[in-house]
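Novice: My questions concern the predicted model and sequence given below.
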Amino acid sequence: MTSITAKGEPAPKEYFTGSVWVNMVVKPDDHLNSTIAKVTFEPKARTNWHSHPYGQILIVTDGIGYYQEKGKPIQIINTGDVVKIPVNVEHWHGASHESAMTHIAIVPTDQTGTVWLTPVTDIDYNKE
């Protein structure tokens, strides 16, 4: 049994900017067909650019955040929003400037759930 209410562990600094916490609720070694994590971003925190060979679903459970696909404008995401990220689309997501944001991340996986890329620069982040 696992609890989704736990804050989790600090996210790896090589893939995230700012203070981010990850609670891995379903892990790859659980031998299921997806990973599921609750991810909490403090204001201005965000992921690196990344993609997923099988896509990703984000369910925003608290706060206000940003989501951006490569070559498109930043979108504001709010509590209750569901973001359906297509296969192999480069993107990033994180908290807004003034608000923390928590989401549930669902990634179908077979061992290659995330392809991590470069950090999102402050210039790109501030284009909101």
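Specialist: Received the coordinates, thanks. These figures come from a predicted structure and were not determined experimentally.

Novice: Find me the pLDDT at residue 52, would you?
Specialist: Per-residue confidence (pLDDT) for residue 52: 94.

Novice: ok, now how distant is it from residue 3?
Specialist: Counting by Cβ to Cβ, to the nearest Å, the separation of residue 52 from residue 3 is 25 Å. To be clear about C-beta, it is placed using only N, CA and C from the backbone, and glycine gets the same treatment.

Novice: Pull up the gap between residue 81 and residue 105, please.
Specialist: From residue 81 across to residue 105, the span is 13 Å (Cβ to Cβ).

Novice: Revised request: answer the last question for residue 41.
Specialist: If you measure residue 41 against residue 105 using Cβ to Cβ, the figure is 11 Å.

Novice: of those two, who's got more company?
Specialist: A direct count of neighbours by other Cβ atoms under 10 Å for residue 41 and residue 105 places residue 41 higher, at 27 against 24.

Novice: about what we covered before: what's the overlap in contacts for residue 81 and residue 105?
Specialist: Each of residue 58 lies in contact with both residue 81 and residue 105 under the rule Cβ atoms under 8 Å, 6 or more residues apart in numbering.
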